[in-house]
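1. Dropping the sequence and predicted coords here.
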Amino acid sequence: MAKLAAVVGIGQTKYKTRRGDVSIAGLVREAALNALEDAGLEWDDIEAVIIGKAPDMFEGVIMPEIYLTDALGCNGKPMLRVHTAGSVGGSTALVAASHVQTPNPVPELWMFRAG
């Protein structure tokens, strides 16, 4: 029987039309910190990262997962990027759930959506 997967914390950025005070990486970090706080977890509790991001051509940034992983302090942890354009949020959730439910050496997973 497959393991169950659940969302244990959520985090969002401050709502505003424009955020000149922070970059995309800063927005991702802000949401991630809020999700960790909501879940009662810390960065060290995270064993793998699934990043959902729009395709590169939509934002003009090639391989954003590299700098986003760095911004989160997750270097060296298993990471997978999902990019399916308009369905990236739902697709990322499905990939993350499948990752948790598939027998593998990473028992816990943290996921976020940026973009």
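-> That came in fine, so what should we check first?

2. Now for A25: which residues touch it?
-> Neighbouring residues of A25 by CB atoms under 8 Å, 6 or more residues apart in numbering: Y67, L68, D70, A71. In this view, the C-beta of every residue, glycine as well, is placed from N, C-alpha and C.

3. So for the closest residue to the first one other than its chain neighbours, what's the pLDDT?
-> I take that to be Y67. Of all residues not flanking Y67 in the chain, A25 sits nearest, at 5.8 Å (CB to CB, 6 or more residues apart in numbering). A25 is assigned a predicted lDDT (pLDDT) of 89.

4. now do E108
-> On the pLDDT scale, E108 is placed at 51.

5. How about A48?
-> At A48, pLDDT is 83.

6. so where's the longest helix in this protein?
-> Among the segments of the chain that qualify as a helix by DSSP state H, the longest is helix 24-39.

7. which helices and strands sit right next to the helix or strand just after that one?
-> The element immediately downstream of helix 24-39 (helix or strand, assigned by DSSP states H and E) is strand 49-52. Packing partners of strand 49-52 (3 or more CB pairs under 8 Å, 6 or more residues apart in numbering; DSSP states H and E): helix 64-72, strand 79-82, helix 88-101, strand 110-113.
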